[in-house]
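coords please:
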Amino acid sequence: TDGSSFKVTKGAPQVILELSANASQVKTDVDAAVDGFAARGFRSLGVARAEGDGLWNFVGVLPLFDPPREDAKATIATAFQMGVDVKMVTGDALAIARETAKTLGMGTDILDAAGLGDVKREETAATAESIDQADGFAQVFPEHKFHIVDVLQKRGHIVGMTGDGVNDAPALKKADCGIAVSDATDAARAAASIVLTTPGLSVIIDAIKESRRIFQRMNSYAIYRIAETLRVLLFVSAVILIFNFFPVTAIQIVMLALLNDGAILSIAYDNVRYREQPEAWNMRLVLGIATVLGVVGPIAAFGLFTLGDQVFHLNHAHLQTLMYLTLSVAGHLTIFLARTRGPFQSIRPARILLLAVLGTQALATLIAVYGVFMTPLGWGYAALVWGYALVWFLLTDRVKLLAYRILDPIRSEPVALTGTPTPEEGSPTGTLEGVVHSSTVEPFHSDVDSEHPVYHDRSDCPYGREIKGNGNDTPGTDDRRLCDWCARGRTSAA
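Modelled structure (predicted):
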C-alpha cells in the first residue's frame, strides 16, 4: 500500500540458505525443521525475502507432502526378487531421501552426492565402491546422474535409468537402457531407449519379464539351429565319404530348408518361463547342448539308413526319399528338445508352434509318400520313419537332461538354498529408478520365495524335473508352480 516492493524466492533449503544474509543465525533452526519434516515424510522448501534490491533474508520453511506412488513399493520388491537392484537418485535432502527409502522398503545407505568428488575426473577405488554399494543418492545435480551411471558401467554392471526432465537426458543416453516416464519431456524421450506410455514404474517389470522371455526364445533358436546344421552336415558328409552316395538330392535339401524355416519362425511366439535372475549368454552351454543334439541325430539317421539299405534292400532313389523324410521329421522334433532344459513336456509349446511343426511335417510326409520331386516312398515306410523318429526323440530327451547335468552342474544338482542369494553367495545384482544395473556374471538358479522354496516362478526346475501344475496365490508371483521333486530333495538336503 505504501508503494514499496519486495522479492520472494523459494527452493531447496540449502540453496536458499546460501543466498541469505542471515544464514548463520537461522541455519540451526532450518536444519532442525528440515530434519523434523523429513522424519514425518515431508519434503521442504526454503523461502527467502528481499526488500527492493536489498539482501535476501531467510524467512521460513514450507513442508510438502509428495508420497511415492501406491504401486512403487510392490514394484521395487518385485524388482529385487528378479535380481534387479534399485538405487534411488533424488535431488531431495539426505534426511527425506532416507525416509523415502525406508517407506519403499529399500536400504537406507544413502550417499550425499556432494561427497562424490569431481564428476569430471576418475573416482578413487573407495568412492567407486561406495557408489556401487549405496542404496541411493541425495541432493543430486544433473551432472551427478551421468557420473553415477558411468561409474557403475565401469564396474561391469548393465545400467538402466529412469528420468523425465531435460537434465536427465545425458544420463538416459549414457545408460545401457534409458527409460523415459510417461510425462517426460521431449528431450528425455529422444535420449531414452524405452518410453513409458502409462504412469508409474510397474510397467518396467513387465518389460523385464518380456525381455527375459525373448532371451529364452533366442536361446532355444540358437540351440536348435546349431544342432540341426550339425545333424544334416555330419550325416550327409559321412554317407558321401563312407558309401560314395548322396543320401539326399539337391531339391530335397532345398525343401528341407524351406520347411525348417517355415516352422522355426513360430518359435518367436513360443511359451517360455523366464528366470528370476538376470540372463547372460552361456555359449559353452549353448554349443555343448547343440553339439550333443547334433551328434545324436546323425547316429539315429545312420541306424535307419542301415535298415533301409541292409534289411529292406531299398534302392538308392527310395533311400534318398527315406532319408529326406527322416531328416525332416527328426529335425522338427528337435525343436521340442531345444526349447526346454527339463523334459520336453515340462513346458507346453505354444499352439502356433505346435501347428507349424505338425503342418510342415504333414506336408513333408505327403511329399515323400506320393513322390513330389522324388521317388514315392509309400505309407508303410513313412509310418516306419515316424515311429523310428519318435523313439529316438524320447531317447535323445534323456541324453539332453544328462548333458545339462554335466555341462551346467551348478543348476543341475540339488543345493540346499532358499531365499534370494546375497552377492557374496554369487547371485548377480542389478537396478531401477533412478539407476538399474545387473551383474555380467552368469547367474545360478535359485528360488526367490523364502516361505515356499520348492515353488518355481515360471521357470524350469533347475534340476530338470517335471513341475506339477499346482498354483500358488502369493501376490506378485504370477503362476508359481510346485516342484514335487524339489520339495522332497530340498527337504532332505536341508
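
Residue 45 against residue 59, yeah?
No. Between residue 45 and residue 59 there is no contact under CB atoms under 8 Å: 11.7 Å. C-beta coordinates here come from the backbone N, C-alpha and C atoms, glycine included.

Pull the number of nearby residues for residue 92.
21 (other CB atoms under 10 Å).

Tell me the secondary structure at it.
Following DSSP: H, G, I helix; E, B strand; the rest coil, residue 92 is assigned to coil.

From residue 33, how far off is residue 40?
For residue 40, the distance to residue 33 equals 11 Å [CB to CB, to the nearest Å].

Name the residue in the two with the higher neighbour count.
Neighbours per residue, other CB under 10 Å: of residue 40 and residue 33, the larger number sits with residue 33, 18 against 10.

residues contacting the spatially most central residue of the chain?
The residue lying closest to the centre of the chain (CA atoms, centre = their mean) is residue 212, at 3.4 Å. Listed by CB atoms under 8 Å, 6 or more residues apart in numbering, the contact set of residue 212 reads 274-275, 279.

most neighbours, which of the residues you listed?
residue 275 (22 neighbours).

Now for it, which secondary structure element holds it?
Assessed by DSSP states H and E, residue 275 sits outside every helix and strand.

ditto for residue 33
helix 23-39.

Equivalent analysis for residue 61, please.
Judged by DSSP H and E, residue 61 forms part of strand 56-64.

by contact count, what packs against that strand?
Identification of packing neighbours for strand 56-64 by 3 or more CB pairs under 8 Å, 6 or more residues apart in numbering; DSSP states H and E yields helix 13-19, helix 23-39, strand 43-51.

do that again at 6 Å, thanks
Judged by 3 or more CB pairs under 6 Å, 6 or more residues apart in numbering; DSSP states H and E, strand 56-64 is in contact with helix 23-39, strand 43-51.

The spatially closest residue to residue 48 that is not a sequence neighbour bridge partners, please.
Among residues not flanking residue 48 along the chain, residue 56 sits closest, at 4.4 Å (CB to CB, 6 or more residues apart in numbering). When bridges are called by DSSP bridges, residue 56 pairs up with residue 20, residue 50.

burial count for residue 56?
20.

How far off centre is the helix holding residue 33?
Relative to its chain's centre, helix 23-39 lies at 45 Å (CA atoms, centre = their mean, to the nearest Å).

which parts of it are buried?
Judged by neighbour count (16 or more other CB atoms under 10 Å), helix 23-39 contains these buried residues: 23, 26, 30-31, 33-34, 37-38.

can you check stretch 394-401 too?
Neighbour counts over stretch 394-401 (16+ other CB under 10 Å) mark 396-397, 400-401 as buried.

And stretch 231-243, by the same measure?
By neighbour count on 16+ other CB under 10 Å, the buried set for stretch 231-243 is 231-232, 234-236, 239.

With stretch 157-177 instead?
157-164, 167-177.

Keep only those of those residues that are in strands.
Those of those mapping onto strands are 157-163, 177, per DSSP state E.

Between those, which sits nearest residue 50?
Distances from residue 50 to those, taken as CB to CB, are shortest for residue 163 (33.5 Å).
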